[in-house]
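Enquirer: I need the structure of the sequence given here:
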Amino acid sequence: MAKVEDLLRSSTLYRNLSAEDLRRLAQVSLARSYDKGDTIFGEGEAPDFLVTIASGRVKVVKMIPSGKEIILEIFGPGDPVGAVVAYEGRPYPASAVALEPCSCILVRRSEFFALLERHPSFVRGFLTGMAQRIVELTRRIPEVAGGRVETRFAHLFLKLAERVGERRPEGRFVPMPLSRQELAELTGTTTETCIRIMSRWGKEGVVSTERDGFLVRDEETLERLAGA
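Expert: Numbering: from 1, shown residues only. Reported below is the predicted structural model:
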């Protein structure tokens, strides 16, 4: 159970809980592993659990009427997935799918609310974590709120480099082999536009495509483009 407590502590939502409240939460939580491509929860399903990623990465996707899959966000270790929807008790409006082998902490929703009702300290710690999560999400608004497509690409790669980038002599390596279509979906553009931008960036030494991900070579240029 101590391992579950450590994993919960890595989440924005739960890291402000006291040691005693973390112990209580761990008692109503479980760890679950998923393979690449596994569905963690599906669009329209009831939120029986509050899901937090312990390791690996998860994409949240939604099907639109044309049958196309749109990637809404990519989450990594420590991130909650579908937390607000689960808190409100509404069906999931999108699906969560493992981008790679990953493990998640699942907190039983009904028992989570029982803890909120019985322990005021738990409420305070959780609300602090929720407020911090809102701040994190607010910072992401410029990434998706219109603007030039190249600006959105710059925001995306800066975020990926910051969150999952591995330092190398020639830059920061992002170990996520996203397809051109997936990159286009993440930035709200077409695959053709994505191909053009990534090809040009590769030639200019801004971001190069590697076999297992991307190498962000010129963060200064990306920061300039992100501010455009």
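
Enquirer: okay, which residue is most central for the protein?
Expert: residue 75 (1.4 Å; Cα atoms, centre = their mean).

Enquirer: which stretches of the protein form strands?
Expert: 29-34, 39-41, 49-55, 58-63, 69-75, 80-81, 95-98, 102-108, 166-168, 171-174, 207-210, 213-216 (DSSP state E).

Enquirer: bridged to the residue lying closest to the residue nearest to the centre of the chain once chain neighbours are set aside, which residues?
Expert: Spatial nearest neighbour of residue 75, excluding adjacent residues (Cβ to Cβ, 6 or more residues apart in numbering): residue 58 at 5.0 Å. The way it works is simple: take the backbone N, C-alpha and C, and place the C-beta from them, glycine included. Legend: beta-bridge partners of residue 58 under DSSP bridges are residue 75, residue 98.

Enquirer: ok, residue 58 - contacts?
Expert: When contacts are counted by Cβ atoms under 8 Å, 6 or more residues apart in numbering, residue 58 is found next to 40, 74, 75, 76, 79, 81, 96, 97, 98, 99, 102, 104.

Enquirer: please apply the same query to residue 6.
Expert: For residue 6, the contact set (Cβ under 8 Å, 6+ apart) is empty.

Enquirer: so it versus residue 151, what's the distance?
Expert: Residue 6 is 38 Å from residue 151, where distance means Cβ to Cβ, to the nearest Å.

Enquirer: kindly report the same for residue 37.
Expert: For residue 37, the distance to residue 151 equals 31 Å [Cβ to Cβ].

Enquirer: looking at these two, which one has more neighbours?
Expert: Set residue 37 next to residue 151 and count neighbours by other Cβ atoms under 10 Å: residue 151 wins out with 18 against 10.

Enquirer: so what's residue 9 scoring on pLDDT?
Expert: Reported pLDDT at residue 9 in the predicted model: 82.

Enquirer: please apply the same query to residue 225.
Expert: Looking at residue 225, its pLDDT stands at 91.

Enquirer: residues near residue 222, how many?
Expert: Residue 222 has 23 neighbours, counted by other Cβ under 10 Å.

Enquirer: contacting residues for it?
Expert: Applying Cβ under 8 Å, 6+ apart, we find residue 222 in contact with 154, 157, 158, 206, 207, 216.

Enquirer: which pair in the residues you listed has the greatest spatial separation?
Expert: 158 and 206 (11.3 Å; Cβ to Cβ).

Enquirer: now do the shared contacts for the two.
Expert: 216, 222.

Enquirer: who has more neighbours, these two?
Expert: More crowded of residue 158 and residue 206, by other Cβ under 10 Å: residue 206, with 23 against 19.

Enquirer: burial count for the nearest residue to the more buried one once chain neighbours are set aside?
Expert: Closest residue to residue 206 apart from its sequence neighbours, by Cβ to Cβ, 6+ apart: residue 218 at 4.6 Å. Residues near residue 218, counting by other Cβ under 10 Å, number 16.
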